[in-house]
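Engineer: Please find the sequence and the predicted model below.
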Amino acid sequence: MKNRTLVVLCFFICTWMAVNAAENYKFRTLSPDGGFYYDGVKSIEQDKDGFVWVMMDYELYRFDGYKYKKYYPRFAEIAPTKRWIFIGMDSDEKGNLYVNTNNGLYRHDRISDKFERVFGNVTLLKIDGRDRLWVRRDNLYGLPDTITGEIRIPEYDGKKATYVNPAFCVHNKDVYTFVYRQVYRYNEAENHFSFCMRLPGKGGNIRFARARAGKMWVYVDKEGLYKIDLSSFEIEEHSKAFTGCEENGLREFYVDRKGKVWLGTMEGLYIFDSATGAMMEYKHSTTDAFSLPNNSVWKIYEDRQGNVWIGTYSGKLCYVDMEEGNAFRSYLAGSSGLNYAPVSAFAEDEDYLWIGTEGGGVNRMDKRTGEFRLLADGQNVVSNNIKSLMMDGGRNLWVSMFRGGIEVFDGGRRETAHYKRGRDGAGELLVNDVRKTVLEGDSGLWVAYQYPAPKISYFSFKEKMFKHISLDSVGNYDYLFDILKQGERTLWAISNEALYRVDTQTGEIRKVQPGDSEYLGLFTFCLDDNGNIWIGTIGNGLIKFDTNTLEFIPMKDALQRDVYSIYSICYSDGKVWMGTDDGLCCYDTASERLMKFDKRENTQGQVYYPLAVLKGKDGKL
C-alpha cells in the first residue's frame, strides 16, 4: 500500500484498508509481456537509490518503477571476447551495488553508470549489517581485501574450518554461518565465529536460514523448520509439514514481518503460518491477473519498503504489497447496516461519517465501531433523495436534497432548521432542487442548484437569508454541475461549457471557456497542491486547467484515451482519483501513469455516482 492520504470514491462506498489474511495477497506482475528471458529470475536487489535490479544468467536489468534498462552491454564493453554469466548481487547502505560474475566481482559506479572489477572469482557474496562484504570461495566464507586480493577466513572457535554451509544469515549487526547442523555467530572483536548451538538429531544440514525480531528460522531437508530464540538459542518450534514443498523442488526460503515462512518451489509458492499450522498454496491462474506469473519460483526478496518481490521461471517478476490485501472494503445495503443504495454524498466530523443516499435519506456510521444508524435517533430528512452533505465549523450538518431544499441538523442540541422555496421567495432558496453546498469560512455558504441557468446563491449565517447571483450575462440554459472554493476569496463553478471564477469579496465574475468555444462536456473538478484544477468531463476524459494562464489541457495522450466519462474526482498526494463509467482510476500527475481498479480488487461496480467522493480527515476511510 506508505504514509499517504487515502480517498473514498464510491459506487456505493469503497474503503482503502490493510487486510492481513494471506489469501488476500496480490501478485502484481511487473516484467514485460512474455517475461525478460526464457530462463528464471535468480536475484533481485534494491539499491539505496531505490532502483530495483533484476538478474538472470545472461542479463542484468535496472528497474526505475517505469522502465527497465539492460546492463549486459556494459559488461560486454569490459571484455567483448568473453562470455558473461551473472551469479549474484547485493548492496550496502553506502549506495554500492556488487555484482558477482563468472569473470570476477564488480561494483557499480553510480556517476558513470558503469561497473568496475574489485575482486576475483567467488561463488557467493553477501553484505552484512555493518556494510561489510563477505564472499564464499572453496566452501568457506571470508572477508575480502579488495586491494591485495586476499580473503581473510575467520576460524571457528580457534580452529580452521574445512566446510561451511552456503546458508548465510544477517540479523541487525550479527552474522551467522552454519557448519552442517551447527550455528555460529561472528565475533568481530576476536575475528572468529563462536559456537551457539547444534540442532538435535543426525539428519541433514541446515539449508536455509532467516532471522528477524530476535528469532531465527532454519530449514533442514526432510526435517522441516526450526524456530530458534536468538537470546537463548533454544528451539521454540519444530514443524515437519513440508513434504509437499520438498517433493515439488524447494528452491527459495523467506520469512516475512509476521513470522510467516514463504517457500518457493518449482510447482508454486507455499506460505506457512506456524501459529495456526496452516499452509497456503499459491499458483498461476490464467483467470486471475493477480496470481503468480509462473509456478516455478526462483527468488523471494524483501525491498526497503517491505514489499516482497518474487522472481520466477520464464523471466517473470512480480511483487506483493504486504499492507495492501483487498484494497477496497465494500458496504452493501442491508448486510453492513447501510440502509439504502446508491450512495450519493459524504460528510464527516471527528466521530462520524455521514452518508447520503439517493432514496434512503442519511446514514451515520460510527468511525470507531463501524455501526450504522439513520441520521439520528428520531430524526430524518424531508426528502430521501440526498444530493450533498456538508459539516460546518459548529458541527452542524447541512443536508441538500432534490425537491426538499436544505435541512440543518445541530448534533449538540438536536434542533433542525429547514430552508426551502416558498410562495414569497424573498431571501429564500432559488429552487428546492439543491445540488451542492460549500462553506464560506464561518460566515456562510454557497449553493448550486439543479436549475437550467448558471446561477448560485450565498446564504449568510448571520442574516439567515439567501442572495442569488447570476454568473452569466448571456441568457442560456446551462446547468451548473459543481462548485468549489480556492483560497479565501475565489469560488469556482462549472457547467458543461465553461468555468466561472467568482471573487467572493468584490463580486467580480469571469467566464472561462476552452479555445474556439470547443465543447468538452465539463462536469466536476478538484484542486491540486499547486492551485491547478483537474476537470472530469463527460466523454472527453481528464482535463488540467491552469488557474494562472487559464489554459485547458486535455490529458488524452497521457491517459492513452483509457478514461472517457468522469463522474467524481478527488486529488490526494500527487494523484487524481476518478470515479468513471468504467471503474475507479488513479492518475499519478508526476509519472503520468494511470492505474485502474475493478471488481477483481473488491470494488462493487464500474459506474460511479456523480460527486460522491470524500477525502477523509484521518486518511483511513
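Structural biologist: Ah, there it is. Numbering: from 1, shown residues only.

Engineer: so where's the stretch 51-200 of the chain shaky on pLDDT?
Structural biologist: For the stretch 51-200 of the chain, no stretch is flagged by pLDDT under 70.

Engineer: and the residue of the chain most remote from its centre, how far is that from M465?
Structural biologist: What lies farthest from the middle of the chain is D424; by CA atoms, centre = their mean that is 53.9 Å. Distance, D424 to M465, by CB to CB, to the nearest Å: 12 Å. To be clear about C-beta, it is placed using only N, CA and C from the backbone, and glycine gets the same treatment.

Engineer: just checking, next helix/strand downstream of the longest helix along the chain?
Structural biologist: Using DSSP state H to define each element, the chain has its longest helix at helix 72-78. For helix 72-78, the following helix or strand on the C-terminal side (DSSP states H and E) is strand 86-91.

Engineer: Report the angle between the helix or strand that that following strand is followed by and strand 86-91.
Structural biologist: Using DSSP H and E, the helix or strand that follows strand 86-91 towards the C-terminus is strand 97-101. Interaxial angle, strand 97-101 versus strand 86-91 (axes from the mean of the first three to the mean of the last three CA atoms, to 10 degrees): 160 degrees.

Engineer: Quick check: neighbours of strand 97-101 in the sheet, parallel or antiparallel?
Structural biologist: strand 86-91 (antiparallel), strand 104-109 (antiparallel) (DSSP bridges).

Engineer: mind saving the C-alpha coords of that strand as CSV?
Structural biologist: This file holds the C-alpha atoms of strand 97-101, laid out as CSV (Å, rounded to 0.1, in the frame of the first residue of the first chain):
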residue,chain,number,x,y,z
LEU,A,97,25.9,-2.4,-5.7
TYR,A,98,28.1,-5.5,-6.0
VAL,A,99,27.6,-8.0,-8.9
ASN,A,100,29.2,-11.4,-9.0
THR,A,101,30.0,-12.8,-12.4
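
Engineer: mind checking how far that strand is from the chain centre?
Structural biologist: Going by CA atoms, centre = their mean, to the nearest Å, the spacing between the C-alpha centre of strand 97-101 and its chain's C-alpha centre is 31 Å.

Engineer: which other residues reach it?
Structural biologist: The contact list for strand 97-101, computed with CB atoms under 8 Å, 6 or more residues apart in numbering, reads 45, 47, 53, 55, 60, 75, 84-92, 105-108, 115, 118, 122, 124-125, 127, 133.

Engineer: What segments of this structure are helices?
Structural biologist: 72-78, 243-247.

Engineer: and the nearest residue to E223 once chain neighbours are set aside, what is it in contact with?
Structural biologist: The spatially closest residue to E223, leaving aside those adjacent along the chain, is G203, at 4.9 Å (CB to CB, 6 or more residues apart in numbering). Applying CB under 8 Å, 6+ apart, we find G203 in contact with 181, 220, 222-223.

Engineer: And those, which of them are buried?
Structural biologist: 181, 220, 223 (16 or more other CB atoms under 10 Å).

Engineer: show me the residues around the last one that make contact.
Structural biologist: Spelled out, it's E223. Counting by CB under 8 Å, 6+ apart, E223 has contacts 201, 203-204, 240.

Engineer: Who wins on neighbours among those?
Structural biologist: Using other CB atoms under 10 Å as the neighbour test, the contacts of E223 are led by G204, with 14 neighbours.

Engineer: Would you confirm that that residue contacts D221?
Structural biologist: Yes - here G204 reaches D221: they are 4.7 Å apart, a contact under CB atoms under 8 Å.

Engineer: if I look at the nearest residue to F253 once chain neighbours are set aside, how far off is P166?
Structural biologist: Closest residue to F253 apart from its sequence neighbours, by CB to CB, 6+ apart: F208 at 3.5 Å. Note on F208: its distance to P166, by CB to CB, is 9 Å.

Engineer: Looking at those two now, which is surrounded by more residues?
Structural biologist: F208 (22 against 15).

Engineer: check contacts around that one.
Structural biologist: Taking CB under 8 Å, 6+ apart as the contact definition, F208 lies against 167, 218-219, 253.

Engineer: so what pLDDT did it get?
Structural biologist: With respect to pLDDT, F208 scores 98.

Engineer: With E415 instead?
Structural biologist: For E415, the model assigns a pLDDT of 69.

Engineer: Please apply the same query to G394.
Structural biologist: 89.

Engineer: Not counting sequence-adjacent ones, nearest residue to it?
Structural biologist: D410 (7.8 Å).

Engineer: Tally up the residues packed near the one you found, please.
Structural biologist: 13.

Engineer: Buried residues of stretch 546-560, list them for me.
Structural biologist: Neighbour-count burial for stretch 546-560, counted by 16+ other CB under 10 Å, picks out 547, 552, 554-555, 558-559.

Engineer: Of all those, the one with the weakest confidence?
Structural biologist: The member of those with the lowest pLDDT is A558, at 74.

Engineer: Quickly note the distance from it to V512.
Structural biologist: With CB to CB as the criterion, A558 and V512 are 22 Å apart.
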